[in-house]
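In: okay, sequence plus prediction incoming.
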Amino acid sequence: MTDSKTNSEDYLRMYRQMARIRTFEDTANQLYLSAKMPGLTHMYSGEEAVAVGICEALTDDDRITSTHRGHGHCVAKGANFREMFCELLGKEEGYCRGKGGSMHIADQSHGNLGANAIVGGSMGIATGSALRAKLQGKDDVTVCFFGDGATAQGLLYEVMNMAALWNLPVIYACENNGYSEYTKTEEIAAGSITARAEAFGIEAFKVDGQDVLAVNQLTQKLVARCRKGEGPFFVELETYRYHGHHVGDINREYYRSKDEEKDWKTNRDPIIRFRAWLVSEGIATEDEIDAMNADIEKDATEAVAYAEAAAYPAAAEVDMHVYAD
Amino acid sequence: MRDITLSQAVNEAIAEEMRRDPTVFILGEDVAEAGTPFKVLSGLVEEFGPDRVLDTPISEPGFMGIAVGAAMTGARPIVDLMFGDFIFLIMDQLCNQAAKTHYMSGGKLNVPLVLRTNLGATRRSAAQHSQSLQALVAHIPGLKVAMPSSAYEAKGLMKTAIRDNNPVVIFEDKLMYQDKAPVPEEEYLIPFGQANIKREGRDITLIATSSMVQVAEKAADILASEGIEAEVVDPRTIVPLDEDTLIKSVKKTSRAIVIDEGHQSYGVTSEIASRLNEKAFYYLDAPVTRMGAMDVPVPFSPALEDLTVPTPQSVADTARKLCAGELVHAA
């Protein structure tokens, strides 16, 4: 945590992006609870430092693949609230014209190749994006986000093998939030997760996923090395999911205690921690941060109002975009 | 015009497209020096190098997924799937990812890739190397499906597939790789969704895919010697399907048999027969009849395997009965 003054703009942006994710999720949760949102969704709250720490080390040319718990990645990669809420509500102005919804948001303009509702389903896509970069002599890097639950999918091991054989510029970012749906990760994952990557000769790292600076500093190093042809890499980020597996997973004490949730929210919250650091380093005052938060709240409120009033896609859209021209 | 094998035709199509477009590359098991077990890709790695003719581990879901990601970000991969039966291994990447990405992204992302694989029984390869699984993928919106019936068709359809901006699955009949046909030296493409009337006739329409076109043509020869004129129509692509040409032919002949080597139940033959019943019903003098592979896993023993697929004789027998006004139950 050096150079705090010279990098203060970066730090404030990181804070802002984390706060935007939390606000987005709180707002989306309210939409769900008030039955205004069709379907269901999976909240990213608690994991903000992972998406922001990583995406702040990337450019718009760098690609990511996201997961069913993907709003955080989407915001962190540069998406706007308005198009995101429109997508969540199935409106024509959504990022995917309302055809993808919460679990399939893609934002190509910022390099987000899309969330994926198949657990582990995007591991091939991320690796293929990296192969394309290598074959075409481009220096962009692809980050593959997935959860600890997805480490049980065989696809991961097939594509890591090829990524290692071919030195592809891809970073496998395993967000270990401790739970695979409604089951503790220790009950579904034998041995060490990072050791699995190491078995392919892939350098693997474990980092505190609640510390945005630690995540960002590690990712910056790995991205730079990927650009030099030293990829792939594997990072396990220790983090926590504040909500249930999905928004409807309310009564969850049979698999997770309230005390445990309280401990993470009180003592390891990435936003509270980073806010305290910003203040103690003199980068921002409490008032300035409150003003930033109020600004974000206002942005979310306006975006939701816009999305609620926005038009649904016309019926003629239903069989458009099955095939590209 | 020179005659070349179907294998050479596929090889030429891929080589020409790789010369034309540097974003085209091949990946799959033993595609480089080995040129695949059927030797279809021999010589390509020597011309284009190992970066564009990429040998993969035996990881079908892995390399299929990699192809999807490469296609989404600006490359045009050709995935070589050694046997059509292995489609079951890649179903998630093909049907949940490749097929749906364009739609789910509201038209923003494209997946221009070709999956080339094969079909066909009677090679004594038993139940896991003999299936004809085109109906499985034709069922999924977002995928196109081409079924070349000769070397000429294989080259023109492959070139069109490589230039298409969608995921295209091409099924080659593995027993036809050494079959020769006239193929022009000069470049040509065969558009998707345009059926080919291989032989004209007035009494019955034989709609056939892939190697079943040869079966239908031989059946038509048998029938001609008996005074029955069969029209043979090759849809070329089952997605998109040139319904108009099929319906027009059936309106003319009033009878049709649909022949495809996939299992008969819930298959390509069922789909085409349904459409003809719905759209040409009042022109029909006989029920549109399906002839697919028997609904059994493909047996190993030659004595059994040969019973499972349509033959020129069985097609001619069925056609004769339909023309005589007898009710037929082909399966």
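Out: Received the coordinates, thanks.
In: when you work out contacts or count neighbours from here on, use the C-alpha atoms and nothing else.
Out: Noted.
In: pLDDT score assigned to residue 86?
Out: Unless you meant another one, I'm taking chain A. Predicted confidence (pLDDT) at A:C86: the value is 98.
In: oops, chain B please
Out: Listed pLDDT for B:F86 reads 98.
In: where does it land in three-state SS?
Out: Using DSSP: H, G, I helix; E, B strand; the rest coil, the structure places B:F86 in helix.
In: now swap in the one 4 residues further on and tell me
Out: Three states are possible here, and by three-state DSSP the one that applies to B:I90 is helix.
In: how close does it sit to A:G121?
Out: From B:I90 across to A:G121, the span is 11 Å (C-alpha to C-alpha, to the nearest Å).
In: for B:I257, same thing?
Out: From B:I257 across to A:G121, the span is 41 Å (C-alpha to C-alpha).
In: just give me the neighbour total for B:P141.
Out: B:P141: 15 surrounding residues under other C-alpha atoms under 10 Å in any protein chain shown.
In: check contacts around it.
Out: By C-alpha atoms under 8 Å, 6 or more residues apart in numbering or on different chains, the contact set of B:P141 is A:V322, B:A99, B:K100.
In: got the residues you listed as CSV, with distance to B:V169 columns?
Out: CSV is the format used below for the contacts of B:P141 (distance: C-alpha to C-alpha, whole Å):
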residue, distance to B:V169
A:V322, 16
B:A99, 11
B:K100, 15
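In: low-confidence stretches in the stretch 201-331 of chain B?
Out: Applying pLDDT under 70 to the stretch 201-331 of chain B flags the ranges B:329-331.
In: quick one, helices of it?
Out: Assigned by DSSP state H, counting those that start in this stretch, the stretch 201-331 of chain B shows helices spanning B:212-224, B:243-253, B:268-280, B:302-305, B:312-323.
In: so which residues on chain B come close to chain A?
Out: Contact residues (C-alpha under 8 Å from any C-alpha of the partner chain) of chain B with chain A: B:23, B:51-52, B:56-57, B:59, B:61-75, B:92-93, B:97, B:100, B:102-110, B:141-143, B:165-166.
In: make it 6 Å
Out: B:59, B:62, B:65-70, B:73, B:103-107, B:142, B:165 (C-alpha under 6 Å from any C-alpha of the partner chain).
In: who touches the longest helix along chain B?
Out: Ranked by residue count under DSSP state H, the longest helix found in chain B is helix B:6-20. Around helix B:6-20, the neighbours that count as contacts under C-alpha atoms under 6 Å, 6 or more residues apart in numbering or on different chains are B:V24, B:V40, B:L41, B:A151, B:K155, B:K159, B:Y177, B:D179.
In: and these, which are buried?
Out: Among the contacts of helix B:6-20, those buried by neighbour count (16 or more other C-alpha atoms under 10 Å in any protein chain shown) are B:V24, B:V40, B:L41, B:A151, B:K155, B:K159, B:Y177.
In: tell me the most buried of the helices of the stretch 201-331 of chain B?
Out: helix B:212-224 (a mean of 22; mean count of other C-alpha atoms under 10 Å in any protein chain shown).
In: who are the packing partners of that one?
Out: helix B:312-323 (3 or more C-alpha pairs under 6 Å, 6 or more residues apart in numbering or on different chains; DSSP states H and E).
In: now with 10 Å?
Out: On a contact count with 3 or more C-alpha pairs under 10 Å, 6 or more residues apart in numbering or on different chains; DSSP states H and E, helix B:212-224 meets strand B:196-199, strand B:204-208, strand B:230-234, strand B:256-263, helix B:312-323.
In: gap between it and the chain center?
Out: Offset of helix B:212-224 from its chain centre (C-alpha atoms, centre = their mean, to the nearest Å): 18 Å.
In: using the three-state scheme, assign B:R116.
Out: Of the three states, B:R116 takes strand under three-state DSSP.
In: was I right to think it contacts B:M64?
Out: No - in this structure, B:R116 is not within contact of B:M64 by C-alpha atoms under 10 Å, at 11.3 Å.
In: between those two, what contacts are shared?
Out: Shared contacts of B:R116 and B:M64 (C-alpha atoms under 10 Å, 6 or more residues apart in numbering or on different chains): B:G28, B:I78, B:V79, B:D80, B:L81.
In: if you rank those residues by neighbours, which is first?
Out: B:I78 leads the shared contacts of B:R116 and B:M64 on contacts (other C-alpha under 10 Å) with 27 neighbours.
In: just confirm it is within a strand.
Out: Yes - counting by three-state DSSP, B:I78 is located in a strand.
In: now do the contacts for it.
Out: Residues near B:I78 by C-alpha under 10 Å, 6+ apart: B:14, B:24-28, B:52-53, B:64, B:67, B:71, B:112-116, B:161-162, B:167-169.
In: tell me the buried residues within those residues.
Out: Listed as buried from the contacts of B:I78 are B:14, B:24-28, B:52-53, B:64, B:67, B:71, B:112-116, B:161-162, B:167-169; burial here means 16+ other C-alpha under 10 Å.
In: before we move on, back to that, B:I90 and A:G121: which is more packed in?
Out: Neighbour totals were compared for B:I90 and A:G121, and A:G121 leads with 25 against 18 (other C-alpha under 10 Å).
In: can I get the one helix or strand A:A197 maps to in CSV? Just the C-alpha atoms.
Out: Assigned by DSSP states H and E, A:A197 falls within helix A:193-198. Taking Å, rounded to 0.1, in the frame of the first residue of the first chain, the C-alpha atoms of helix A:193-198 are listed here in CSV:
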residue,chain,number,x,y,z
ILE,A,193,-7.7,-26.1,-5.6
THR,A,194,-4.5,-24.3,-6.5
ALA,A,195,-2.5,-27.6,-6.6
ARG,A,196,-4.8,-28.7,-9.4
ALA,A,197,-3.6,-25.8,-11.6
GLU,A,198,0.0,-26.4,-10.5
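In: how near is A:S129 to B:V53?
Out: Counting by C-alpha to C-alpha - A:S129 and B:V53 are separated by 17 Å.
In: repeat that for A:T142.
Out: To B:V53, A:T142 is 22 Å away according to C-alpha to C-alpha.
In: same deal with B:P287?
Out: 48 Å.
In: one more: A:Y11?
Out: For A:Y11, the distance to B:V53 equals 45 Å [C-alpha to C-alpha].
In: please apply the same query to A:M84.
Out: From A:M84 to B:V53 the distance is 40 Å (C-alpha to C-alpha).
In: same check on A:R273?
Out: Where B:V53 is concerned, A:R273 sits at a distance of 50 Å (C-alpha to C-alpha).
In: quick check: which helices or strands does the helix or strand harbouring A:K298 pack against?
Out: A:K298 is part of helix A:286-309 when elements are defined by DSSP H and E. Packing partners of helix A:286-309 (3+ C-alpha pairs under 10 Å, 6+ apart): helix A:8-33, helix A:81-88, helix A:270-280.
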